[in-house]
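Novice: whatever this is, show me its structure:
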Amino acid sequence: MSKGTKAGEKRTLPREKAKEILTLRNEYVPKGVFQVGPFIVSKAKGAMVEDVDGNEYIDFAGGIAVLNIGHCNDAVVSAIKEQADKHLHTCFHVLMYESYIELAKKLCEITPGGFPKQALLINSGAEAVENAIKVARRYSGKPGVIVFENAFHGRTTLAMALTSQIKYYKFGFGPFVPYLHRVPYAYCYRCPHKLTYPDCGIHCLQRIEDSFVNYMAPEEIAAILVEPILGEGGYVIPPVEFLKGLRKMCDEHNIVFIADEVQSGMGRTGKMWAIEHFGIVPDVLLAAKSLGGGMVLSATIGRKEIMDSVDVGGVGGTFAGNPLSCVAALKTIETIERDKLLDRAAKLGNMAKGRLESMKGKYEIIGDVRGLACMIGVELVKDRETKAPATAETKAILKKCHEHGLLIMSCGPLHNVIRFMFPLVITEEELTRGFDILEDAISEVNVTL
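Specialist: Below you'll find the predicted structure:
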């Protein structure tokens, strides 16, 4: 990686080649397609990226948690090339292929629960969500779904309805799918009930029980759809009792428990699935993002009796479970297991959180540091007592990071949470350099509060 600026050095964005390409982008691509910044990639490997002007970046965004095993993993690239010489597409509905079936078997083996399972392979996280709801409704014969505030489940019609945040995911796209009931998530740093954990007694669970009396009947609820850790909603980790209580609620009322692991799964939290940290087993688990190692793929995996309740032709898709994606996913899982990336996620997460806690001790703008292994969120505030969100300051910090070669993103309904999605194969030196850039940016913005 040469001729441009190195990570850590300031650069003006965009530069010459990027400006030319961005002119075409603005002419031919809708503005609704969001961009983090004026970055046009040329090549990427591991946790490092080079743009078309030769500028170097350390990647803390990972394609939005898609690149847990890094950019262009050698084993994945080789598997894709080998498969490309055999067949690119047959449609599993027309000509079946072994890699689809092998991957379905592997996913059933590595997801929680010793009961018989089946796996449906599709394309996007939103498709995994929609198919989970379809299957739960068909299995239970009930229409209702409980979802949570600050949740994100996708941008298609049903997934968008399940998503909480209006702007910009839902604004102007209604009316939405009915029979959805939204309840507060256990966001303890900003408790929706103004209580304090653990003295609250997990009041958010009681509110759901109360709602069974006031405005929804559990006999009409097919599923509870929950992210074990909120992703776009702010990288929020709920108390163990919250998810355990939801599992108990599902058991008592014959409700399907669906764990959306699209962003939290595939090793990011130091376990293959985030739900494993909470000691419960979902009925259905959703995987996507890092599942394909950079290829387009998602999966809905669940109890056999639930998944097999759908009539022939009720699920699937022309490109669902593409053979290139299937072989990539098998190699991705093999890489995570062989290279012990779950252990590495825990080690890197400890390093990252140690550095962030040190920053919190120095900079008042950091209100909360939270995370499991490498799924970490840092919430920025103008005042630690009032917790007024430092939204503009967060934007300024990200801009300074980008100008110095660190690709990093925010999240949360108040747009004041910096999230960390660096590949689990990032070197310790790259990680340290990235945090040096981040701390310089925070220190500059912090003094202006």
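
Novice: show residues contacting the helix or strand containing residue 433.
Specialist: Assigned by DSSP states H and E, residue 433 belongs to helix 428-446. In this structure, residues lying in contact with helix 428-446 by Cβ atoms under 8 Å, 6 or more residues apart in numbering are 7-8, 46-48, 58, 60, 348, 351-352, 355-356, 359, 362-366, 393, 396-398, 400-401, 404-406, 408, 418, 422, 426. Every C-beta, even on glycine, is put in place using the N, C-alpha and C of the backbone.

Novice: how distant is that helix from the center of its chain?
Specialist: Computed by Cα atoms, centre = their mean, to the nearest Å, the separation of helix 428-446 from the middle of its chain amounts to 23 Å.

Novice: quick one: buried residues of it?
Specialist: Within helix 428-446, the residues scored as buried using 16 or more other Cβ atoms under 10 Å are 430-431, 433-442, 445-446.

Novice: alpha carbons only: can I get it in PDB?
Specialist: C-alpha atoms of helix 428-446 as PDB (Å, rounded to 0.1, in the frame of the first residue of the first chain):
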ATOM      1  CA  GLU A 428      -2.500  -6.100  17.800                       C
ATOM      2  CA  GLU A 429      -0.400  -3.400  16.200                       C
ATOM      3  CA  GLU A 430      -3.200  -2.500  13.800                       C
ATOM      4  CA  LEU A 431      -5.600  -2.400  16.700                       C
ATOM      5  CA  THR A 432      -3.400  -0.200  18.700                       C
ATOM      6  CA  ARG A 433      -2.800   2.200  15.800                       C
ATOM      7  CA  GLY A 434      -6.600   2.400  15.300                       C
ATOM      8  CA  PHE A 435      -7.200   3.300  18.900                       C
ATOM      9  CA  ASP A 436      -4.400   5.900  18.800                       C
ATOM     10  CA  ILE A 437      -6.300   7.600  16.000                       C
ATOM     11  CA  LEU A 438      -9.600   7.400  17.900                       C
ATOM     12  CA  GLU A 439      -8.100   8.800  21.100                       C
ATOM     13  CA  ASP A 440      -6.500  11.700  19.300                       C
ATOM     14  CA  ALA A 441      -9.900  12.500  17.800                       C
ATOM     15  CA  ILE A 442     -11.800  12.200  21.100                       C
ATOM     16  CA  SER A 443      -9.200  14.300  22.900                       C
ATOM     17  CA  GLU A 444      -9.600  17.100  20.300                       C
ATOM     18  CA  VAL A 445     -13.400  17.100  20.500                       C
ATOM     19  CA  ASN A 446     -13.600  16.500  24.200                       C
END
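
Novice: enumerate the positions of the top helix by length along the chain that are buried.
Specialist: Across the chain, the longest stretch assigned as helix under DSSP state H is helix 341-362. Within helix 341-362, the residues scored as buried using 16+ other Cβ under 10 Å are 341-342, 344-346, 348-349, 352-353, 355-356, 359-360.

Novice: that older thread, and the contacts of helix 428-446, which are buried?
Specialist: Buried residues within the contacts of helix 428-446, defined by neighbour count using 16+ other Cβ under 10 Å: 7, 46-48, 58, 60, 348, 352, 355-356, 359, 363-366, 393, 396-398, 400-401, 404-406, 408, 418, 422, 426.

Novice: what residues does the longest helix of the chain touch?
Specialist: With Cβ under 8 Å, 6+ apart as the criterion, helix 341-362 contacts 68-69, 267-272, 335-336, 366, 369, 371-376, 378, 420, 422, 424-426, 428, 431, 435, 439, 442-443.

Novice: out of those, which sit inside helices?
Specialist: 335-336, 428, 431, 435, 439, 442-443.

Novice: nearest to residue 243, of those?
Specialist: Nearest to residue 243 among the ones in helices among the contacts of helix 341-362, counting by Cβ to Cβ, is residue 336 at 23.4 Å.

Novice: so what's the residue count around the closest residue to that closest one other than its chain neighbours?
Specialist: Excluding the flanking residues, the one nearest residue 336 by Cβ to Cβ, 6 or more residues apart in numbering is residue 267, at 5.1 Å. Residue 267: 28 surrounding residues under other Cβ atoms under 10 Å.

Novice: my read is that residue 73 contacts residue 293, right?
Specialist: Yes: using Cβ atoms under 8 Å, residue 73 is in contact with residue 293, at 5.8 Å.

Novice: between these two, which one's more packed in?
Specialist: Counted by other Cβ under 10 Å, residue 73 and residue 293 do not tie: residue 293 has more neighbours, with 31 against 23.

Novice: distance of that one from residue 352?
Specialist: Applying Cβ to Cβ, to the nearest Å, the value for residue 293 to residue 352 is 22 Å.

Novice: what's the answer for residue 136, then?
Specialist: As defined by Cβ to Cβ, residue 136 lies at a distance of 36 Å from residue 352.

Novice: can you confirm residue 200 is in a strand?
Specialist: No: with DSSP: H, G, I helix; E, B strand; the rest coil as the criterion, residue 200 is located in coil rather than a strand.

Novice: so it touches residue 193, yeah?
Specialist: Yes: if you go by Cβ under 8 Å, residue 200 and residue 193 touch, sitting 6.9 Å apart.

Novice: the two: which is more packed in?
Specialist: Between residue 200 and residue 193, counting by other Cβ under 10 Å, residue 200 is the more crowded of the two (17 against 11).

Novice: so what's that one up against?
Specialist: Residues near residue 200 by Cβ under 8 Å, 6+ apart: 191, 193.

Novice: got phi/psi on it?
Specialist: Here the main-chain torsion angles of residue 200 (degrees, to the nearest 10) amount to phi -70, psi -20.

Novice: distance of it from residue 187?
Specialist: Using Cβ to Cβ, residue 200 is found at 12 Å from residue 187.
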